[in-house]
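[1] Sharing a model that was predicted from the sequence below.
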Amino acid sequence: MRPEAIGWERAAEVDSAARGWRRAGAIDEATHQRIREAFPDPCVTPGAVWRVLTGGMVAAIVLCTFAAAALGLWRSSTAIQILLLLWAAACLVASEVLEASPGSARRGAAGATSVLGVGFFLLGLGLVLVESVRLHGDDAIDLLLVAAVLTCGLAAWRWGSPLFAGLGGVVLFCSLARLPHGRILWLLAGAALTGLAAWGLDEVRLAPSHRIGAAVLTVVGIGAVYAAANVYSLDEASLEHLARLAPGREDLPRGARLAAAAATALLPLAVLAWGLRSRRTFLLDTGIVLLALSLVTLRQYVHVAPLWVVLILAGALLVVLALAVERALRRARDGEIAGFTADPLFSDERRQQVLQIVPVVAAFTPEARTPAPDPGFAGEGGRFGGGGAQEKF
Amino acid sequence: MNPDVVRAITRLRAGHVLSAEQATFFDRVARRGLVSVRFEIRTLLYVGVLLLTSGVGVLVALHQEEIGPLAIAVSIALAAAGSLIWVARRAAPFSWGEVPSPNVAFDYVLLLGLLLVAADLAYVEVQFTVLGPRWAYHLLVVGVLYLLAAYRWDSRTALGLSLTTLAAWRGLSLSLVPAALGLGVAADLRASAIALGALYVAAAALSTRIARKAHFEEVFANAGLLLLLGGLLSGVLDDRQAWSMWLAAVLLTAGGVMAVAFRLGRSLYFAVGLVAAYIALVRLLFEPFRYGRHADSIPLLLAALLGSAVLAVIFWAHRRMRER
């Protein structure tokens, strides 16, 4: 990232914290103004709606111009390849230019052009590998995955986008799964990535967006380790299906299943313990999700009760657990236990509540009634029967 | 820890911008000495309610023969009553203004109670056919129930559910996607969408004007605009005979929405109006080239040009609009 862009991001971090303090009434308007003057953020930062609107419209313009050019050249594969790479170059240059200016860096346009640029590049490269170089399908896929990891990594590093960091991490594990002993590679690389990324979480030398990228990569690493260690994934050979050459079941070392069962049970608890100890909520969230997955895995092997009982009990348990935690935190001295509180602190509670309406409504709205079709004339033919007789036997 | 904020707090304290007490507290939060788990508690409650209602659904679907319809209906009714009694006992007195929830679980227990009531009504209707051929009216009953609960207990979530359930009663799904993909919307459904959308938008305006639950405005308005503009857009995309009339209607309505949104400082309404107008104009651009053989590139280039104009409008509006 450019040094000046890192400076803008640091100022934005302070501004965001100050807005939270102001929202919670912890500082007055005059103090807020003095903080803004002490840490001026030169970037124009529109709200989420404006950013999405701008990004969407930029994407529409780029895609329409590309489609217009491609329609004129669709008979020639080479021309399409050149076109894709040209558009990729144009988008990437546009991203660089937009990111360099405080007036355009955070408007959403740079995000759209960078995603499209990387997409066009990978699509173009894929076509070149298959159509021009005429590589074998598997070789082309392997090369493309490596290129995707490098491109996403570079994009994340250059523009600080956590999206690219996450995509790069996911593609890295996809490419590892295609190698021999993919499961072991997932375990090793996942652990290494988690350790490496966790180092960057609080690193002052990193830009704020790189620290968010590190958090995303930590979750990807933990997810990879869990996916490789999960006993159901081992039994179903889920990762081995991604490999170029799937090994036979005899390749499974002795005791692997037992170790996987233990890891399925212990890994979520370890992540939860890490989250509680370090007081990082994203690790707690990850641990909760993994715990839920482990319980689903358990249900796959041990049918303790019918599905409806499991669902109702699990739901009731979650509600009771959440209420118990909230009540314990409320009743604790100063409203906190071991550094955790149920108070919103400086987060925008109202916004969270409004955003929460969307998933609730999406999940619980009943299906729209289907209007009854106009019956018109429907000849059903004659029917047998009468006096209790039926045509069905 | 957020090292940038930690360093800033030290500097602000040294410059006497923050008091010692403020700096100590902010520093503790920035260093993760104190962390809020409110979001996690809310998420657990939401997932808990989701699992509970799913469990009830599975129970009803798979075991009604063994347990018996009456026992199931009574059990669900008791569970719903339990939830709603809990809510009623803890709720603050009614007010036309915004009422904060007494605790973090309140909204979710209310949601659980309402969903169980809805499930019970649907079950009773299926088993005992109370409404007979007019069974769809149970959606109206549920929608009105949600609406009453939303006003009594000041719940935006219940209001959102009410609006989408009432739309479902009219055979509508609150989504622009089917219309935008040209999947076809029957003419009577289109009329229902437009009428219901206009009604919701009017309710939004009325809420603010008479200051009765004015904070419900955005829920009413967003649902209303989606239905209204989605209905009009489906006319532009589907109605081959009268699409130009629908186009004029979309442009007029979207223009009006954008003007009002601009005046009120509501970026989301402005965005919805702008996107609807853009989609309608793209249809207009493609129309002259529908039967051309080699002219496919031209409308796409025109659509890109139109997009550039829209982008200019976005930048202009963002600079001028005072958001609220």
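    Received the coordinates, thanks.

[2] From here on, just use CA atoms for contacts and neighbour counts.
    Noted.

[3] was I right about B:Ile194 contacting B:Gly235?
    No. Taking contacts as CA atoms under 8 Å, B:Ile194 lies outside contact range of B:Gly235: 10.5 Å.

[4] What residues does the stretch 1-150 of chain B have near chain A?
    Within the stretch 1-150 of chain B, the positions lying close to chain A (CA under 8 Å from any CA of the partner chain) are B:1-5, B:8, B:12, B:17-18, B:22, B:32-38, B:40-42, B:44-45, B:47-59, B:104-105, B:115, B:136.

[5] so where is the stretch 101-250 of chain B shaky, pLDDT-wise?
    Low-confidence segments of the stretch 101-250 of chain B (pLDDT under 70): B:173-185.

[6] what do you get if the cut-off is 80, keeping everything else the same?
    B:130-136, B:172-188 (pLDDT under 80).

[7] now chain A
    Low-confidence segments of chain A, defined by pLDDT under 80, span residues A:72-75, A:244-254, A:304, A:348-393.

[8] rerun at 50
    A:374-393 (pLDDT under 50).

[9] Break down it into its strands, ranges please.
    A:336-337, A:340-341 (DSSP state E).

[10] Could you list the residues in contact with the first one?
    Among residues not part of strand A:336-337, those counted as contacts by CA atoms under 8 Å, 6 or more residues apart in numbering or on different chains are A:Leu329, A:Arg330, A:Ala342, B:Leu34.

[11] for stretch B:195-202, which positions count as buried?
    Neighbour-count burial for stretch B:195-202 flags B:Ala195, B:Leu196, B:Gly197, B:Ala198, B:Leu199, B:Tyr200, B:Val201 (criterion: 16 or more other CA atoms under 10 Å in any protein chain shown).

[12] possible to save the residues you listed as JSON lines with distance to B:Gly82 and secondary structure?
    Output for the buried residues of stretch B:195-202, formatted as JSON lines (distance: CA to CA, whole Å; DSSP: H, G, I helix; E, B strand; the rest coil):
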{"residue": "B:Ala195", "distance to B:Gly82": "37", "secondary structure": "helix"}
{"residue": "B:Leu196", "distance to B:Gly82": "33", "secondary structure": "helix"}
{"residue": "B:Gly197", "distance to B:Gly82": "35", "secondary structure": "helix"}
{"residue": "B:Ala198", "distance to B:Gly82": "37", "secondary structure": "helix"}
{"residue": "B:Leu199", "distance to B:Gly82": "34", "secondary structure": "helix"}
{"residue": "B:Tyr200", "distance to B:Gly82": "32", "secondary structure": "helix"}
{"residue": "B:Val201", "distance to B:Gly82": "35", "secondary structure": "helix"}
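
[13] Show me which of these is closest to chain A.
    If you rank these by distance to chain A using CA to the nearest CA, B:Leu196 comes first, at 14.1 Å.

[14] Now do the contacts for that closest one.
    Per CA under 8 Å, 6+ apart, neighbours of B:Leu196: B:Ala167, B:Gly224, B:Leu227, B:Leu228.

[15] Check the offset of the helix or strand hosting the first one from the chain's centre.
    Using DSSP states H and E, B:Ala167 falls within helix B:156-169. The chain centroid and the centroid of helix B:156-169 are separated by 8 Å, computed with CA atoms, centre = their mean, to the nearest Å.

[16] Can you list the neighbours in contact with that helix?
    Residues external to helix B:156-169 that are found in contact with it (CA under 8 Å, 6+ apart): A:354, A:356-357, A:360-361, A:364-369, B:107, B:111, B:136-137, B:139-140, B:142-147, B:149-151, B:173-174, B:193, B:196, B:216, B:219-220, B:223.

[17] do the same with stretch B:317-324
    Under CA under 8 Å, 6+ apart, the answer for stretch B:317-324 is A:Pro46, A:Trp50, B:Phe262, B:Arg263, B:Leu264, B:Gly265, B:Arg266, B:Ser267.

[18] What's the local residue count around the residue nearest to the third one when sequence neighbours are not counted?
    What that stands for is B:Phe262. With CA to CA, 6 or more residues apart in numbering or on different chains as the criterion, B:Phe262 has its nearest non-adjacent residue at 6.0 Å, and that residue is B:Met321. B:Met321 is flanked by 15 other residues according to other CA atoms under 10 Å in any protein chain shown.

[19] Next one: B:Met321, what pLDDT does it get?
    pLDDT recorded at B:Met321 is 85.

[20] any idea how far it lies from A:Gly72?
    Distance, B:Met321 to A:Gly72, using CA to CA, to the nearest Å: 41 Å.

[21] how about the helices in the stretch 1-150 of chain A?
    When secondary structure is read from DSSP state H, counting those that start in this stretch, the stretch 1-150 of chain A shows helices at A:3-23, A:29-38, A:48-73, A:77-100, A:109-127, A:137-159.

[22] and those helices, which is most packed in?
    Mean neighbour count (mean count of other CA atoms under 10 Å in any protein chain shown) peaks for helix A:109-127 among these, with a mean of 22.
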